[in-house]
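A.B. asks: here's a sequence, model it:
(3 chains)
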Amino acid sequence: MHMADALVSPAVGMAMNAISVAAIVAAAANVKKDELAEKKVPIMGVAGALVFAGQMINFTIPATGSSGHIGGGILLAGLLGGVPAFLSIAAVLIIQCLFFADGGLLALGSNIFNLGVIPCLFVYPLIFKPLIKGNADYRRLPIASVAAVIVGLQLGALCVVLQTLFSGITALPFGTFAALMMPIHLAIGIVEGIVTAAVLCFVYKMRPEIIDGSARPAERPGGVSTKKLLIAFVVMTVVVGGALSLFVSANPDGLEWAIGKTTYKVLGEETELEAVGGIFDGAASLRDSVAFLPDYAFTSDPENAMGTSVSGIFGAAITFIFAGATGFVISRTKKRKKAVVNV
Amino acid sequence: MLAVTDLTVKYPDGTCAINAARFSIKAGESVALIGANGAGKTSLLLALVGVLQPALGEIQVGETILNKRTLSEVRSRVGLVFQNPDDQLFMPTIFEDIAFGLRSFGCGETETAERVNAVLSRLGIGHLAERSPLKLSGGEKRLAAIAAVLAMNPEFLLFDEPTAFLDPRARRNMTTILSDLSQGKLIATHDLAFAEETCSRVLLLQNGKLVVDGGRELLRDFPALEAAGL
Amino acid sequence: MSDISARVHEIRALENLAAGRTAIHRLHPLAKLFSALVFIVFVASFGRYDFARLAPYLFYPFIMMALAELPYRLLLPRVLIALPFCLFAGISNVVFDKAAAFSVGGVTVSLGVLSLATILLKMYLCVMAALLLVATTPFTELTAQMRRLCVPMVFVMVFEMTFRYIGVLLEEVHSMTMAYKLRSGNKKALEMRHMGSFVGQLLLRGFDRAERVHAAMRCRGYSLKHVPPSRRQFKRADALALAAVCLPSLLLRFITVW
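C.D. replies: Numbers count the residues shown, from 1 in each chain, chains lettered A, B, ... in the order given. So this is what the prediction gives:
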């Protein structure tokens, strides 16, 4: 469920990038305070590579015939602790974005938030750790793993839906989009949770000392700083969320179009849509009262699109051919120059 | 009989890993595969069990020609022992790991247990059955990896550097074990003395080409070996 | 699971491309990074139906590929990786957005189809911009610039080591899955009940490896405090290149050609 550049608007993308950069800086500072930081760095690096490589292992899901792969956030957090795990995941996501075209530079922040910040910095300390109660064993590990993975994936999927909708790229109404994404990710979450539990139990059996917060008494970087980090995140999220909704409300056809116009088209979704519509109305009135945001904005309206028409498409085709030809001519000239030099 | 005709294997980027190799190994025969690093020894072994797909040529085990349909059969008849035993030992205990292949090919539980125990005692590692591969020494891991392949009763065994990283005692032990095995063997190795002790025939690979197929006297022909990059 | 070796191959191929010596390769990495970012932001800023207005942006990937002497064959398939999710979002537009946009020779094109085409074009442009960056910039230069931009040292190290070990561990996973398949009677994937020990072993071995790596690093004087200085100067050519990408991007955003 990597977000792609083509699906986020600059406002959403840059806002999420800002949040993720802040998260990385804060997490790195937190890790560096630890006396074991030097030793942890290679482990975090190899762990990142492990997640990447581990995701290439396909397994068959019993009785379905389909196949799945591990996710990584909760698994790594269970082994390294939330903050180091987050840095590993962030490194992997950047590499996937740059070298494998998985995600994109603009969508990078969204992906780091959905797949890194949520599982490692929210779900792990708030769900996994309390369920383990500082005392990992074969009964608590599976429960905590499955619960944490499911919650993490649900929140991640919800964020994908919200980021896409706030960007105003897809015509899917919120209810339908969520109704598609959430159950799929519930199923994925159950399977991934079970696998995560199996892996953590195996590691616990072999090397109980590795599991974060099991036998080792309180030598992890202090709980207080994690809490501070969390508070900082909540504040930041609220602030950026506010800024985001301003952007969206300044956008003439973003959410309005996605939600307002399709309210009556989709049967059975009215309730959710009305709820979101309500939020939107709130945002719209907020926009009216805070009208300092220029409306030139990052979209166009449907009337313009009508004007696009045949001549526009024809023009686009010519542009495409012309751009390709330019590249071709440059390549040819370069090759010829080289040939001359060789002679 | 394990027969290879005009086998050519290419890497994804198009370079030739194995170039028109042609040879055969009789049942019970022991053949050494030597050549410099990167000469294509591992690629050849991987091609023989159908992990790498040949661009050209044919691999035949008995009457069976290796193709998609016969892949499973060939893999049960030709066993490959990996260079790094860590790659091969992925189950929680040695017993489970050896049993893994047997169960996959449809063995019942009692037969599986019998065969696992038989192969463990044959290699003298019965005491390792319930241990985790993570906690074994390098020599023990290698024996366990061989046991995992032997348990399936293959007709031919392929070894990739069986003596790498072994201490002298473990290496002597390996010599004895390999000499005692009655299957046809192809042993890729840099350990020329070991090759001389265990094999009657030698294949010399150079840059993916099979340059010599001859008796073990080649192992003492140092100018020829040096010319091949060894 | 041959896609595992394909991935190893992909990284190597990009590293080989990045080792080129064209004018584009010689540009300052920051100039390339910022121009890619600016380009992507402008492309992403277009509306849902702006297919025609986006088209001129195609000059960027084509000209860059030609100047940097990058093969189309290598880069094109990677674009497809981003396809599934974009297609999912795009096709839903076709379903929900049936109003007619215009018609060509009697065939009516709906707004949904127009927006699908726009999403796919955006996807192509954005993916190419990122790929062009890494295909013309060696990894070590990227991380040197990360340090210069004051990205925390801890994170840069983690980033570098992750990149370093992806190749090693991919090959390890590749051999392990191969060994699994060889003895599993031709299964396509692992059974779920084997995942615990399979991935668990991989993790534990990875951590052991990390410890050995750490020891080897310490022998060669590794410390978190050591920061190698970046000697790259931002030259006039770099500024010109940056401007050459940013200005047209800006102009095309506000001037409608078609």
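A.B. asks: every contact and neighbour count from this point should use C-alpha atoms.
C.D. replies: OK.
A.B. asks: so what's the residue count around residue 126?
C.D. replies: Chain wasn't specified; assuming chain A. 15 (other Cα atoms under 10 Å in any protein chain shown).
A.B. asks: sorry, should have said chain B
C.D. replies: B:Gly126: 17 neighbours (other Cα under 10 Å).
A.B. asks: separation between C:Lys187 and A:Gly193?
C.D. replies: 23 Å (Cα to Cα, to the nearest Å).
A.B. asks: that should have said B:Gln88, apologies.
C.D. replies: 26 Å.
A.B. asks: what do you get for C:His9?
C.D. replies: Separation of C:His9 from A:Gly193 (Cα to Cα) stands at 31 Å.
A.B. asks: where exactly do the helices run in the chain?
C.D. replies: Went with chain A since none was named. A:10-33, A:37-54, A:73-80, A:82-100, A:108-112, A:129-132, A:140-167, A:174-206, A:223-250, A:255, A:270-289, A:302-342 (DSSP state H).
A.B. asks: hmm, no, I was thinking of chain C.
C.D. replies: Going by DSSP H, chain C shows helices at C:2-18, C:23-26, C:29-44, C:51-54, C:59-67, C:72-79, C:83-96, C:111-136, C:139-148, C:153-182, C:195-219, C:236-254.
A.B. asks: looking at C:His9 and A:Gly193, which one has more neighbours?
C.D. replies: Neighbour comparison, C:His9 and A:Gly193: the larger count goes to A:Gly193, with 27 against 16 (by other Cα under 10 Å).
A.B. asks: and the pLDDT for the more buried one?
C.D. replies: pLDDT recorded at A:Gly193 is 92.
A.B. asks: nearest spatial neighbour of it, skipping sequence neighbours?
C.D. replies: A:Val146 (4.0 Å; Cα to Cα, 6 or more residues apart in numbering or on different chains).
A.B. asks: what count of nearby residues applies to the one you found?
C.D. replies: 22.
A.B. asks: contacting residues around it?
C.D. replies: Residues in contact with A:Val146 (Cα atoms under 8 Å, 6 or more residues apart in numbering or on different chains) are A:Gly189, A:Ile190, A:Glu192, A:Gly193, A:Ile194, A:Thr196, A:Ala197.
A.B. asks: ok, those vs B:Glu161, which is closest?
C.D. replies: A:Thr196 (34.9 Å; Cα to Cα).
A.B. asks: residues contacting that closest one?
C.D. replies: A:Ile70, A:Ile74, A:Leu75, A:Ser145, A:Val146, C:Gly196 are the contacts of A:Thr196 under Cα under 8 Å, 6+ apart.
A.B. asks: which SSE is B:Gly38 in?
C.D. replies: Counting by DSSP states H and E, no helix or strand carries B:Gly38.
A.B. asks: B:Asn153 now?
C.D. replies: For B:Asn153, there is no helix or strand it lies in under DSSP H and E.
A.B. asks: close to chain C, is the worst-scoring helix or strand of chain B on mean pLDDT?
C.D. replies: The helix or strand of chain B with the poorest confidence is helix B:85-88; it has a mean of 82 (mean pLDDT, DSSP states H and E). Yes - for helix B:85-88, a contact with chain C is found by Cα under 8 Å from any Cα of the partner chain, at B:Asp87, B:Gln88.
A.B. asks: just the CA trace of that helix, in PDB.
C.D. replies: The C-alpha trace of helix B:85-88 is given here as PDB (Å, rounded to 0.1, in the frame of the first residue of the first chain):
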ATOM      1  CA  PRO B  85      25.100 -24.500   5.400                       C
ATOM      2  CA  ASP B  86      23.300 -21.500   7.000                       C
ATOM      3  CA  ASP B  87      21.500 -21.100   3.800                       C
ATOM      4  CA  GLN B  88      20.200 -24.600   4.000                       C
END
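A.B. asks: what residues does that helix touch?
C.D. replies: B:Phe82, B:Pro133, B:Lys141, B:Arg142, B:Ala145, C:Glu172, C:Val173, C:Ser175, C:Met176, C:Ala179, C:Tyr180.
A.B. asks: which of these ranks first by neighbour count?
C.D. replies: Neighbour counts for these, by other Cα under 10 Å, peak at B:Arg142, which reaches 27 neighbours.
A.B. asks: how many other residues sit next to the nearest residue to it once chain neighbours are set aside?
C.D. replies: Of all residues not flanking B:Arg142 in the chain, B:Pro85 sits nearest, at 5.5 Å (Cα to Cα, 6+ apart). Counted by other Cα under 10 Å, the residues lying close to B:Pro85 total 21.
A.B. asks: about what we covered before: nearest to C:Ser92, out of the helices of chain A?
C.D. replies: helix A:174-206 (9.3 Å).
A.B. asks: buried sites along the closest one?
C.D. replies: A:174-178, A:181-182, A:185-186, A:188-204, A:206 (16 or more other Cα atoms under 10 Å in any protein chain shown).
A.B. asks: poorly predicted segments of the chain, please.
C.D. replies: The chain I'm using is chain A. Applying pLDDT under 70 to chain A picks out residues A:1, A:65, A:212-313, A:341-343.
A.B. asks: oops, I was thinking of chain B
C.D. replies: In chain B there are no weaker segments when pLDDT under 70 is taken as the threshold.
A.B. asks: ok, which stretches of it are helices?
C.D. replies: B:41-48, B:71-77, B:85-88, B:94-104, B:109-122, B:138-150, B:168-180, B:192-198, B:222-227.
A.B. asks: can you redo those helices as a markdown table with distance to B:Val61?
C.D. replies: Shown next, in a markdown table, are the helices of chain B (distance: least, Cα to Cα, whole Å):
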| stretch | distance to B:Val61 |
| --- | --- |
| helix B:41-48 | 9 |
| helix B:71-77 | 7 |
| helix B:85-88 | 23 |
| helix B:94-104 | 20 |
| helix B:109-122 | 24 |
| helix B:138-150 | 17 |
| helix B:168-180 | 21 |
| helix B:192-198 | 22 |
| helix B:222-227 | 30 |
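A.B. asks: what about residue 59, how many neighbours?
C.D. replies: By default, I'm working from chain A. Neighbours around A:Phe59, by other Cα under 10 Å: 21.
A.B. asks: please go with chain C instead
C.D. replies: What C:Phe59 shows, counting by other Cα under 10 Å, is a neighbour count of 20.
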